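Colleague: Here is my input; please provide its structure:
(2 chains)
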Amino acid sequence: MLESLMSLAYGFNIALQPQNLLYCFIGVTMGTLVGVLPGIGPTATIALLLPATFNLNPISAIIMLSGICYGAMYGGSTTSILLNIPGEASSVVTCLDGYQMARKGRAGPALGISAFGSFIAGTVSIFGLILLAPTLADFALKFGPPEYFALMVMGLTVVAYLARKSMAKALMMAVVGIVLGCVGLDPITATPRFTFGMLDLADGIGIAPVVMGLFGIAEVLENLGVLTKAEVFAGKIKGLFPDREDWRRAMGPIARGSLLGFFLGLLPGVGAIVPQFLSYALEKKLSRHPERFGSGEIEGVAAPEACNNAAVGGTFIPLLSLGIPSNAMTAILLGALMIYGLTPGPLLIKNSPDLFWGVIASMYIGNLMLLILNLPLIPMWVSVLKIPYSYLSCFIILFCLIGAYSLNNSTTDIYIAVIFSLVGLLMKKFEFEGAPLVLAFVLGPLLETALRRSLILSDGSFLIFLQRPISAAFILFSVFVLVAPLFSKLRLGRGLSEED
Amino acid sequence: MTIISRVALFWVALGILVCYGATRLGLGSVTEPGSGFIFFWSGLILVILSLMVLAEGLRSTEEIVHETRDMNWVKIALVLLSLVLYAFFLERLGFVLTTFVLLCFLLGWIERTNWTRSLGIATAAALGSFAIFELWLKIRLPKGIFGF
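Modeller: Numbering: from 1, shown residues only, chains lettered A, B, ... in the order given. Down below sits the predicted model:
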C-alpha cells in the first residue's frame, strides 16, 4: 500500500510536468467535444489523433489518448440531458431521466450531479486501478500462452454475448476480425498470408484505417443528406449545484454505480455501455418508487453517469496489467502502445513505471480538470452543437483521411479506409456490430501466437487448455456464456435493446 | 428469401474462400500449426455461424434490416468515388490542392452549401489542416508536383 502511494507520488511528478498537463488538457477537451458531438465517438477520435501523437513521447501520448476516453463520458451526458440525444452510446440511459429533468427546469442539477457523480466515480476507479492493476499484473506473470489464449477467447465471447441483436452475428464479426487481423506475414515463418501480392499488406492491415472506415467515415455516410437540426434546449441553465436533497438521493446511486461500473469494466469484453444499463435497472429495482423512473428522477441520472465513468477506469486494468483490451476503445490504445514500441503485458508496469503511474496520476488530474472546466463551459459545448452537421461531416472525413494516410504515408491505407467505410455502412444496415470486429482484429495476431505456442507446448493436445486451472476456468466461463442463451430466452443484450 | 439470408450466403461463401486460401498456405499439423491454421479454423467457424444465421433467416419471413432512415445510395456512391479519387490524386497533386477540391465537392455538391461559402471553408480547411499537421505536428503530408 505504502509502495503504491510512493509510486503514485512519482506518477504525479510526471503528470504535473507542464507538457503532460497540456496534453492531458487537450485530451479531456477533445474528449468532451466528441462526447458532445453525436456522430463521432471516442473510439474514432483516438484513432484520428493517433497520427498526431507519433512525434510525442509515449507517456504524453497515452495521457492525451486516455483523456479522450474519460472526457467523452463527461461530454456525452451534456447532450443527453439537454437535447435527449446521447452524444455517446455510453450515455444513452442518461437521456431517460436527464432530459425529463431538463424539461422540468432542473437541467442545472442534472448536469451538476452527472459531473460530480462522474468525478466521484472516476476517483473510485482510479484507486481501484492503483490497488488492483499491479496485483493482477503480478498474478498474470504466471500466465503462459494457454492462459492468454483462453482469456482472449473469453473476452471475445463476452463481447458477443453482450451483442444487442444476434449473438451469432456478433461472433461472426469476431471471427472476421481475427481473419483480418492475421493478414500479413506469418509471425513464425514469415510467409505472406492473404496479401494478394501487395507489399503494403505484408505488415498487415493497419488498425487506424480500419477504425477510420468503420467508425468515422461510415457514420458520416449513414447520415448523408439527412438534415439533422438539433433542438437546442432554450431555457437558461442555472443552479448547477445540486441541493442537499439532491445529494441525499444521489449519494447511494453514485456509490453503487461506481462499484458496479468498475467491476464490470474489469471483465474483458464488457466496456462502458452495458454497465450503465445495468446500474439504471438496479436503481429502478432498489427504488421505493420505481414508477417514477423515466420522469426525471435524479437517481436515474446519477447512477449511470457514475457507472460509465467508473467503467472506463475498470477497462484500463486488463489493458495495462494484462495487455488485453476489453473493448474497441482500449483495443486502439493497445495498438497505440505497440506503435510506440512498448510491449503491453504483465511486465509493462515493472518495465515502464513512469508510463503506468504517470497515466494514472494524469487521470486523476484530468477528472479534476473536467469537473472544474466543464460546468462553466456547458453553454459553450451547447453552442458547438449549432455547427451544421454538413460542415462537421466534411471535417470528420478529412481527418479520417489524414489519420489513415499518415501512419505509413501510404495511399493504400486510404483505400483500405474507404473499403471499410462501405463495409461499416453495410454492417449497420444489416445489423452486424463493429465492436467485436475491432476487438478481434487487434487480438487476432496475439490469439494466433498464443494458440500456436500452446499447441507446440502441449505437443498437439487441445486438452492443455483444460488441464491448466486458470485457462480451464476462462474456457469454462466462455462455454457457459455461449451455451447459456440456448437454454434461457433471457439474454442480457436483448434485454438491453428493449430498454432503448 | 429474405435479404439477411442472402447476406448470410455471402458470408458462407467468404468463409469457404478463407478455408480454401488457408489450405493453400498450409495447415501444418496439430503439433506444429502452420501459416493457414488460424485462417482455416476461423473460416470454418464463420461458415458454421453463417449457416446458423441463414437457417434463422429462412425460418422467419420478417425482414430484419435496419431501417432507421432512408439512405441516399447515389450520394453515398458519389462520396465513396470521390474518396477513391482523392487517394489516387493525393500523392500526384499534393495534399492542399486535392483536399481543397474534395472539400469543395463534399460541401458544395453533396451537402448543398452555397458555393462562396463552400470555397471559403474548403480553402481555410485545406490550408489550416496543412498548417496543423505538417507544420505543427510534423507529419509529412504528400507535396505532389506543385510542391505543396
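
Colleague: Where does the prediction get shaky in the chain?
Modeller: The chain I'm using is chain A. The model of chain A has pLDDT under 70 over residues A:1, A:39, A:164, A:225-238, A:272, A:487-500.

Colleague: That was the other one, I meant chain B.
Modeller: B:1, B:61-71, B:148.

Colleague: I'd assumed B:Leu83 was in a helix, is it?
Modeller: Yes - judged by DSSP: H, G, I helix; E, B strand; the rest coil, B:Leu83 forms part of a helix.

Colleague: and the closest residue to it other than its chain neighbours, how many residues sit next to it?
Modeller: Take B:Leu83 and drop its neighbours on the chain: the residue closest to it by Cβ to Cβ, 6 or more residues apart in numbering or on different chains is A:Val418, 4.7 Å away. (C-beta placed from N, C-alpha, C; glycine too.) Under the neighbour criterion other Cβ atoms under 10 Å in any protein chain shown, A:Val418 is assigned a count of 25.

Colleague: same thing with the one 3 residues further on?
Modeller: The number of residues packed around A:Ser421, counting by other Cβ under 10 Å, is 29.

Colleague: okay but it is in contact with A:Glu222, surely?
Modeller: No - A:Ser421 is beyond contact range of A:Glu222, at 9.8 Å (criterion: Cβ atoms under 8 Å).

Colleague: List the residues that contact A:Thr53.
Modeller: Applying Cβ atoms under 8 Å, 6 or more residues apart in numbering or on different chains, we find A:Thr53 in contact with A:Ser60, A:Ala61, A:Met64, A:Leu65, A:Ala336.

Colleague: From A:Glu433, how far out is it?
Modeller: 28 Å (Cβ to Cβ, to the nearest Å).

Colleague: can you check A:Leu455 too?
Modeller: When A:Leu455 is compared with A:Glu433 (using Cβ to Cβ), they lie 30 Å apart.

Colleague: Check B:Ala87 too.
Modeller: Shown here: B:Ala87 relative to A:Glu433, a distance of 27 Å by Cβ to Cβ.

Colleague: Please apply the same query to B:Leu81.
Modeller: B:Leu81 is 27 Å from A:Glu433, where distance means Cβ to Cβ.

Colleague: Also A:Ala484?
Modeller: For A:Ala484, the distance to A:Glu433 under the criterion Cβ to Cβ works out to 19 Å.

Colleague: out of these two, which sits in the busier spot?
Modeller: Neighbours per residue, other Cβ under 10 Å: of A:Ala484 and A:Glu433, the larger number sits with A:Glu433, 23 against 13.

Colleague: Break chain B down into its domains, please.
Modeller: In terms of domains, chain B is parsed into B:3-59, B:73-136 (source: automatic domain parsing).

Colleague: Switch those domains over to TSV; also include mean neighbour count.
Modeller: Compiled in TSV, those are given as follows (neighbours: other Cβ atoms under 10 Å in any protein chain shown):
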stretch	mean neighbour count
domain B:3-59	18
domain B:73-136	17
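
Colleague: Out of those domains, which is closest to A:Ile464?
Modeller: When the domains of chain B are compared for distance to A:Ile464 using Cβ to Cβ, the nearest one is domain B:3-59, at 11.2 Å.

Colleague: Close to chain B: what parts of the stretch 401-500 of chain A are there?
Modeller: Remark: the part of the stretch 401-500 of chain A in contact with chain B comprises A:401-402, A:405-406, A:409, A:411, A:414-415, A:417-418, A:421-422, A:425, A:428-431, A:444, A:447-448, A:451-452, A:455-456, A:459-462, using Cβ under 8 Å from any Cβ of the partner chain.

Colleague: Swap in 7 Å and give it another go.
Modeller: Remark: the part of the stretch 401-500 of chain A in contact with chain B comprises A:401-402, A:406, A:409, A:411, A:414-415, A:418, A:422, A:425, A:428-431, A:448, A:451-452, A:455-456, A:459-460, using Cβ under 7 Å from any Cβ of the partner chain.

Colleague: related to what we said a few turns ago, take the contacts of A:Thr53 and, keeping just the buried ones, write it as a ChimeraX select command.
Modeller: Only the buried members of the contacts of A:Thr53 end up in this ChimeraX selection, burial being decided by 16 or more other Cβ atoms under 10 Å in any protein chain shown:
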select /A:60,61,64,65,336
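
Colleague: which residues in the stretch 201-350 of chain A form strands?
Modeller: Using DSSP state E, counting those that start in this stretch, the stretch 201-350 of chain A contains no strands.

Colleague: just the strands in chain A please.
Modeller: Remark: strands assigned in chain A by DSSP state E are A:184-185, A:192-193.

Colleague: would you turn the ones you listed into JSON lines with mean neighbour count and distance to chain B?
Modeller: JSON lines is the format used below for the strands of chain A (neighbours: other Cβ atoms under 10 Å in any protein chain shown; distance: least, Cβ to the nearest Cβ, whole Å):
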{"stretch": "strand A:184-185", "mean neighbour count": "18", "distance to chain B": "9"}
{"stretch": "strand A:192-193", "mean neighbour count": "20", "distance to chain B": "6"}
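
Colleague: Reformat those as CSV; add distance to A:Leu111.
Modeller: CSV is the format used below for these (distance: least, Cβ to Cβ, whole Å):
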stretch, distance to A:Leu111
strand A:184-185, 47
strand A:192-193, 51
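
Colleague: how about those strands, which one is nearest A:Gly204?
Modeller: Checking those against A:Gly204 by Cβ to Cβ gives strand A:184-185 as the closest, at 3.3 Å.

Colleague: Pick out the residue nearest the middle of chain B.
Modeller: Within chain B, the residue whose C-alpha comes closest to the C-alpha centroid is B:Leu80; the distance, by Cα atoms, centre = their mean, is 8.4 Å.

Colleague: Can you name the helix or strand that it falls in?
Modeller: Element membership for B:Leu80, per DSSP states H and E: helix B:73-93.

Colleague: could you point out which element follows that helix?
Modeller: helix B:95-104.

Colleague: separation between the nearest residue to A:Leu214 once chain neighbours are set aside and chain B?
Modeller: Nearest residue to A:Leu214 in three dimensions, chain neighbours excluded: A:Gly424, at 3.9 Å (Cβ to Cβ, 6+ apart). Separation of A:Gly424 from chain B (Cβ to the nearest Cβ, to the nearest Å): 12 Å.

Colleague: Could you count how many residues lie near A:Gly424?
Modeller: Other residues near A:Gly424 come to 26 when the count uses other Cβ under 10 Å.

Colleague: contacting residues for it?
Modeller: Contacts for A:Gly424 (Cβ atoms under 7 Å, 6 or more residues apart in numbering or on different chains) come out as A:Gly213, A:Leu214, A:Ala218, A:Gly434.

Colleague: same check, this time on A:Gly314
Modeller: When contacts are taken as Cβ under 7 Å, 6+ apart, A:Gly314 is in contact with A:Ser125, A:Gly261, A:Phe262, A:Phe263, A:Leu264, A:Gly265, A:Leu266.

Colleague: The first one and A:Tyr10: what is the separation?
Modeller: Here the distance between A:Ser125 and A:Tyr10 works out to 20 Å (Cβ to Cβ).
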